[in-house]
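Engineer: I need the structure of the sequence given here:
(4 chains)
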Number of protein chains: 4
Amino acid sequence: MQKLKAGIIGGGFMARTHTAAARAAGADVVGLVSSSPDRSTAAAEPLGVTPASSVEELIERSDVVHVCSPNARHAEHVRAVLRAGRHVICEKPLAVDAAEAAELAELAESAGVVASVPFVYRFHPMARQARSETSAGRLGRLLTVRGAYLQDWLLDAEESNWRVDPQVSGRSRAFGDIGSHLVDLLEFITGERIVRLSAATTIAHPQRGGAEVVTEDAAALTVELTGGALGSLMVSQVNAGRKNQLTLEVSGAEGSVFFDQEHPDELWLGRAAGSVTIARDSAVLDEDAARLSLVPSGHPMGYLDAFAAFARDTYAQIGGERPAGLPTFADGARANRIIDAVLESAQSGRWVDVTPSERPVPART
Amino acid sequence: MQKLKAGIIGGGFMARTHTAAARAAGADVVGLVSSSPDRSTAAAEPLGVTPASSVEELIERSDVVHVCSPNARHAEHVRAVLRAGRHVICEKPLAVDAAEAAELAELAESAGVVASVPFVYRFHPMARQARSETSAGRLGRLLTVRGAYLQDWLLDAEESNWRVDPQVSGRSRAFGDIGSHLVDLLEFITGERIVRLSAATTIAHPQRGGAEVVTEDAAALTVELTGGALGSLMVSQVNAGRKNQLTLEVSGAEGSVFFDQEHPDELWLGRAAGSVTIARDSAVLDEDAARLSLVPSGHPMGYLDAFAAFARDTYAQIGGERPAGLPTFADGARANRIIDAVLESAQSGRWVDVTPSERPVPART
Amino acid sequence: MQKLKAGIIGGGFMARTHTAAARAAGADVVGLVSSSPDRSTAAAEPLGVTPASSVEELIERSDVVHVCSPNARHAEHVRAVLRAGRHVICEKPLAVDAAEAAELAELAESAGVVASVPFVYRFHPMARQARSETSAGRLGRLLTVRGAYLQDWLLDAEESNWRVDPQVSGRSRAFGDIGSHLVDLLEFITGERIVRLSAATTIAHPQRGGAEVVTEDAAALTVELTGGALGSLMVSQVNAGRKNQLTLEVSGAEGSVFFDQEHPDELWLGRAAGSVTIARDSAVLDEDAARLSLVPSGHPMGYLDAFAAFARDTYAQIGGERPAGLPTFADGARANRIIDAVLESAQSGRWVDVTPSERPVPART
Amino acid sequence: MQKLKAGIIGGGFMARTHTAAARAAGADVVGLVSSSPDRSTAAAEPLGVTPASSVEELIERSDVVHVCSPNARHAEHVRAVLRAGRHVICEKPLAVDAAEAAELAELAESAGVVASVPFVYRFHPMARQARSETSAGRLGRLLTVRGAYLQDWLLDAEESNWRVDPQVSGRSRAFGDIGSHLVDLLEFITGERIVRLSAATTIAHPQRGGAEVVTEDAAALTVELTGGALGSLMVSQVNAGRKNQLTLEVSGAEGSVFFDQEHPDELWLGRAAGSVTIARDSAVLDEDAARLSLVPSGHPMGYLDAFAAFARDTYAQIGGERPAGLPTFADGARANRIIDAVLESAQSGRWVDVTPSERPVPART
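Structural biologist: Below is the predicted model of the structure:
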């Protein structure tokens, strides 16, 4: 059995996470390249990975390339990978705006390779179960959704990093970084689309690291879904004490589900009478959730397990399988479209249609 | 010690609750009147209360009258109580619109009596603690707020009652009924005002009980507070499985608080490092919260305890004391102003200023 | 409708609690007597109660007397109440040892009055639901039970009060005070009896308030039930941070229940597949639990609600009704028998049979 | 950098788990052998591992051998590994009785290799934090401990497997299988030893799979620790709905800690005033806990992360480092000693001293 060869572009936390995930999914991590030879070495060695001397060399070595560079470099790196005919995984947000993201999605499709985006929260078994509650009709017609993705790592005005610089990170910060996860998960679990939205954003500190801050720290959205459901969403990276609290409640005429990424082994099923919290337990899960439940109930699964499952499914797709729910570049482009709409609405103070692209969004797998 | 004489107008669940609260607060419940003599008797007897033959007779017997009639009757009943110079407690929403509510607030002030509205969630000790965390500056400058009040008792399309009829309940349903609690608690805990808002509403079922439904089952709001904080709120009475889930998170530059009415003996204090959940325990509470904590930590307090505390503080005010945080008719009128703004924004699709009334809102006690 | 006249013996926290409960249950509290005229006045006035000049005078005024004096005085006070032919409620432990308690239970039965003991945790609706899960056979044959009652108010070596003095409190302290609640609830919910036990006790501080400590701060028990189930119990009043944590899990061949007094509105139902946590919601509760659920789901009920329900059921029994699950003097005597067995086993290091009394324990109501 | 070569003996769930952990820890898994060539192939191939033709061949290929065979085969397999001078990891319980376990511990020490036992719950960062709360003296003198390890996979009388057969699994079943984890974690976190114990056991079903059952399904223990603290423990594999609930509370004169393996990213710190629940967050953890916290707070860590950390630390010890808290064969032998004492006490109905072995137990690392 020949192992898949995975290469990593990037040298930060995500590079380490992709390396661990690639290995847990059975690949050989054959190289890593960061923004300079020194940085490549510094990032690669603690991971037991061989540094590559250039992006081109890295691509050459690899069957699949994980792009974990800053957002503004994604397009350049993805294009290089696609030109070489390699499979590609690109961190979110896929691109700095919707147009660029749509272009990358089209390029990937033309290239005929597997191109995925690590919307990894889809890979918690109980998130899948939430989706199957919805898709099986057990919630009935959807009425409301409520979600949030709250962090606090940018709470301190002294805190800054490349994400604060719009030249490197793009015009949206908090929403681009984590709102993208939230709306992907919302559309994944509901099986519906956000058709219009009204948004407002806020900046917590006018300056960080001596520079004026122009991108949002938090955003609040009201959304309307395809089927008419009303939604309320909030995203913040300055919510003191919330480390990574991604929560989502989907409520329909027959029932509700509530998922909390920080307690991923549980799912609340709301009913008019007899609401219950269920634990991850293959005995009670639907097929796709049970497939992702790799250790027995009561043995907690976590973030790295979800990330490994994402890598495993991407590699399975490369191997010719069709695992359910793999987030593709089309999904990444979809998130970028919503990010742009959020910025537009926040600026105008009006509702904005999240118009379909010229090419229809491919059906979700 | 002469006991205060309390009279009850109304014959439903709230009449029972006010009766229990009045007694727990040390009053004699001297009479009850409902919409007909039969109904008065049927409601009064199981409570061990003497039915009154008319509203006038009831008022005559009473030192303080609890108005628990349907919303559209509030104004008439309150006016009668005030004309007789009695103290008054009126259920929320105080009136069917902001103008009527403002008038009642003015009348009460002119009458020189105590006039309160049972925004009882203010009386959970940990809600007071949340308020004192904010007012003591321990959260710093406020950045975001997030809240919801979710119920499901109107989920079933077959379910109907007087609240669905705008002639009896007013133009707003879910927001008027429970959104009023949410925005009162938000302004009470933050010590700030909502200055503008953008809202959307939805109707779950076009018909109930054979009649067209014209008032909302759910609403989503984005709000801006006096100090610039951004907020996201949701209210629903069709959220399957949520029985009475009122939650509120207030987040500032130094810290956050999270309160959940269904777990009222806990408060989460978010900090960049070292977030904690604290239990109701007089040893660690600020003064006003400790005052309301009547049984030792570990002995749960609940809804009826909060309601009794509201009655006790209203009666104390009648007795000449000035207990902190008593919700007055001015607070009731404030809630009606926000309700109207929600309806206006939902109709126009635009942001609406929650303009101050011609007379400034009295400072919160 | 003539209100029942309730008198209170005692001037501490329990006297206040019984006063509130009596009133919530619809009685007139007609007097209170404590250990001296000054103390009687000091305790009675803040409660709006008339002090009595003597126990005899108090009994004379009352239909029912609540005995809330220190444990060693219970027998004297109960005997006086019974001699006068009044109904009686006596705090737990009923007596300082099993023999005295058995005698009081017999006296009460001979007197033909209602005689109850406030094992109030029986009155949480979800504790009733736990009992009905068991009695309806939904748990199957019982296999194990696990429980604890943990507090920390005696953690500090400087802390002392009358309960530390065996002349006033009896030979057992922590177990007599709160272990009695735990074993009552265990036998109430399981419907079985503890047939033998092995216990060990510990004293946290050799001295308190300058006096040698001779009664236990904590106890650990292994028990065997009538049907052969194995149990593990712990009681402590020196468990830092645990304020009043009474928990009980009952596990059988078909299912389990877990109840936590600090979260009394929830009940965990364990099943091999599909364990759930249910909320207090009349729509899903059995009859006796629904009867005690007085406010809608989502409106928390607490300690004072349970206490009021106990008083209400005692008064209903006085009025000729037969409410389910009223804890009688026979139940109080049962707890004293187990307390004695715990002390005997802890001293001998051996298993001790909890022998039936000469007269069979009356069947539970 | 030469990767360590790991071999696996066994073909069940633990073999899969050890394979994943070994890879996550950076080893090459070079072979697997099960009870027959067919079983070896069937177990090895889905894991992408090369089956070995015999235990000897497997050992020959390996630097370190993971022994995951049934309990009764451990001694034979460990001896073979030690004879070949390889490092060894052996599943718990290390042996079928204390004498055999002590012999293996001595053999391993004589061989001068690294020999560890996967008491993996030690590797949850918050379990480390609990330990450091204790060892830093923040709990004060210990007063009580309370713990349980509850599962339900043997609830059904139809359920049977090799663990039910004492010839394959040893004289203790539930306690040997999971009680061993519980007492290891208790001694690890408290830093004290169990000096005597009183135990009782129970068998849920007299027959399983047509054979008489002679080993326990559940056990209840009262224990005394070195410093005099009193403890209460329960272990069951027939507790309906409990999948893997390992909980431990350690309570001292200054504070308490509570750890729950099913929520491993939290730790409750009990204090007389101001108890708190803390989240896994490197910013607030002590050094050894922070070392094991590999992803940011809010990104859940789980069972496989703990298992991988155990493997990583074992391999680090092989590489000459001295990571804190590695569970060795001495710890495995300690668990076997306690297992034997539990059986002896359950049979005699008396307290049993957990006597020190002839050779002192090595100090904990």
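Engineer: residue contacts, A:Arg312?
Structural biologist: Counting by Cβ atoms under 8 Å, 6 or more residues apart in numbering or on different chains, A:Arg312 touches A:24-26. The way it works is simple: take the backbone N, C-alpha and C, and place the C-beta from them, glycine included.
Engineer: which parts of the stretch 101-250 of chain A sit against chain B?
Structural biologist: A:139, A:143-144, A:146, A:148, A:152, A:155-157, A:198-202, A:204, A:217-222, A:224, A:228-234, A:236, A:238-242, A:249 (Cβ under 8 Å from any Cβ of the partner chain).
Engineer: can you rerun that using 7 Å?
Structural biologist: For the stretch 101-250 of chain A, the residues in contact with chain B (Cβ under 7 Å from any Cβ of the partner chain) are A:143-144, A:146, A:148, A:152, A:155-156, A:198, A:200, A:202, A:204, A:218, A:220, A:222, A:230-232, A:234, A:236, A:238-242.
Engineer: Now list the buried members of these.
Structural biologist: Among these, those classed as buried by 16 or more other Cβ atoms under 10 Å in any protein chain shown are A:143-144, A:146, A:148, A:152, A:155, A:198, A:200, A:202, A:204, A:218, A:220, A:222, A:230-232, A:234, A:236, A:238-242.
Engineer: And stretch A:189-207, end to end?
Structural biologist: Using Cα to Cα, to the nearest Å, the end-to-end distance of stretch A:189-207 comes to 37 Å.
Engineer: Stretch A:170-190 now?
Structural biologist: Stretch A:170-190 has an end-to-end distance of 28 Å (criterion: Cα to Cα).
Engineer: and that stretch with chain D, contact?
Structural biologist: No. Contact of stretch A:170-190 with chain D (Cβ under 7 Å from any Cβ) is absent, the minimum separation being 11.0 Å.
Engineer: circling back to that earlier point, dump the contacts of A:Arg312 to TSV, plus distance to B:Arg173.
Structural biologist: Output for these, formatted as TSV (distance: Cβ to Cβ, whole Å):
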residue	distance to B:Arg173
A:Ala24	51
A:Ala25	51
A:Gly26	56
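Engineer: Closest one of the residues you listed to B:Gln2?
Structural biologist: Minimum distance to B:Gln2 across those is 75.8 Å, recorded for A:Ala24 (Cβ to Cβ).
Engineer: The closest one reaches D:Gly26, doesn't it?
Structural biologist: No. The criterion here is Cβ atoms under 7 Å, and A:Ala24 misses it with D:Gly26 at 11.7 Å.
Engineer: CA atoms of stretch A:276-283 as CSV?
Structural biologist: Once non-C-alpha atoms are left out, stretch A:276-283 reads as follows in CSV (Å, rounded to 0.1, in the frame of the first residue of the first chain):
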residue,chain,number,x,y,z
VAL,A,276,-33.2,15.2,25.4
THR,A,277,-29.4,15.5,25.2
ILE,A,278,-27.8,12.6,23.5
ALA,A,279,-24.3,11.4,23.7
ARG,A,280,-22.1,10.3,20.8
ASP,A,281,-22.9,6.6,20.8
SER,A,282,-22.9,4.6,17.6
ALA,A,283,-25.9,2.7,18.9
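Engineer: List the contacts of that stretch.
Structural biologist: By Cβ atoms under 7 Å, 6 or more residues apart in numbering or on different chains, the surrounding residues in contact with stretch A:276-283 are A:125-126, A:265-269, A:284, A:290, A:293, A:297, A:301, C:273-278, D:243.
Engineer: Need the buried ones from those residues selected in PyMOL.
Structural biologist: Remark: buried members of those, expressed as a PyMOL selection using 16+ other Cβ under 10 Å:
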select buried, (chain A and resi 125+126+265+266+267+268+269+284+290+293+297+301) or (chain C and resi 275+276+277+278) or (chain D and resi 243)
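Engineer: Surely A:Ala289 is in contact with A:Gln129?
Structural biologist: Yes. Contact criterion Cβ under 7 Å: A:Ala289 and A:Gln129 qualify, at 4.0 Å.
Engineer: what's the first-to-last distance across stretch A:103-118?
Structural biologist: Length of stretch A:103-118, first residue to last, Cα to Cα: 19 Å.
Engineer: That stretch vs chain D: in contact?
Structural biologist: No. Using Cβ under 7 Å from any Cβ, stretch A:103-118 stays clear of chain D, coming no nearer than 13.0 Å.
Engineer: List the buried residues of that stretch.
Structural biologist: Using 16+ other Cβ under 10 Å as the burial criterion, the residues of stretch A:103-118 that qualify are A:104-105, A:107-108, A:111, A:113-118.
Engineer: contacting residues around the residue of the stretch 101-250 of chain A at minimum distance from chain B?
Structural biologist: Residue of the stretch 101-250 of chain A nearest chain B, by Cβ to the nearest Cβ: A:Gly241 (2.1 Å). Shown in contact with A:Gly241 (Cβ under 7 Å, 6+ apart): A:152, B:255-256, B:270-271, B:275.
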